[in-house]
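> Sequence and predicted model, in that order:
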Amino acid sequence: MAKKVAPNKKATWAELSRLIRVKRCLETTGFPFVGVCVTCGKRFHIAALQAGHCFAGRKNVALLCTKFIDCQCVICNETHHGRAKRYERIIRERYGDNFVDRQLPRLHRVIADRDIDWAGRKARYRRRQVALLKKHGHSNYTEMLQSTRN
C-alpha cells in the first residue's frame with residue numbers, strides 16, 4: 001500500500017510554489033503576474049510557470065529551501081527535467097561556488113514529514129505572499145490571477 005502524503009504537505013507546497021513564483025516574477029519583471037524562466041530566459045504568465053528546484057529531492061531540505069527554488073516554464077521543468085546542469089550553473093553564478101558547496105550537504109539531509117510543522121509553514125508562506133501582492137494592489141493570489149484575465 002502506498003504511503004499517504006501528509007495532507008498539509010501538499011497545501012504547504014502549493015503556498016510555497018505561489019510565493020516563489022510571485023517573488024521571482026517581481027524580481028525579474030517588476031510585475032507579480034509575469035516572470036522569466038530561470039533556465040531558458042523566456043517571459044511567461046505566472047500560470048505557465050512552476051516553482052522548479054535546482055537540486056532534486058522530495059524528502060530532503062531542498063524541498064523547502066527558497067534560495068534554490070526558482071520560476072521555470074513547464075517545458076524546462078517537466079519536458080527537459082529541470083535542465084539541471086544549466087540551472088545549477090545559474091545558481092552558482094548567482095550565489096557563488098563556495099556558498100552552494102557549503103549548502104549541498106545540508107540540502108540532501110532527509111527530514112521526516114512528521115518533523116516539519118506543515119501548517120505553520122503554510123501560514124508563513126501565505127502571509128509573505130499576501131504581503132508581496134498587497135504592495136502591488138492585489139489582495140490575494142486568486143484575485144491577482146482574475147485581474148490579469150480582464
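Good, I have the coordinates. Numbering: from 1, shown residues only.
> Give the bridge partners for the residue found closest to residue 108 once you drop the neighbours it is linked to in the chain, please.
The shortest distance from residue 108 to any non-neighbouring residue, by C-beta to C-beta, 6 or more residues apart in numbering, is to residue 60 (5.4 Å). Quick note: C-beta positions are derived from backbone N, CA and C, even for glycine. Here residue 60 sits in beta bridges with residue 110, going by DSSP bridges.
> Surely residue 60 touches residue 106?
No. Taking C-beta atoms under 8 Å as the contact criterion, residue 60 and residue 106 are not neighbours in contact, 9.1 Å apart.
> higher neighbour count, the two?
Set side by side, residue 60 and residue 106 show unequal neighbour counts under other C-beta atoms under 10 Å, the larger going to residue 60 at 16 against 11.
> how much space between that one and residue 70?
Shown here: residue 60 relative to residue 70, a distance of 18 Å by C-beta to C-beta, to the nearest Å.
> Please apply the same query to residue 64.
Residue 64 sits at a distance of 14 Å from residue 70 (criterion: C-beta to C-beta).
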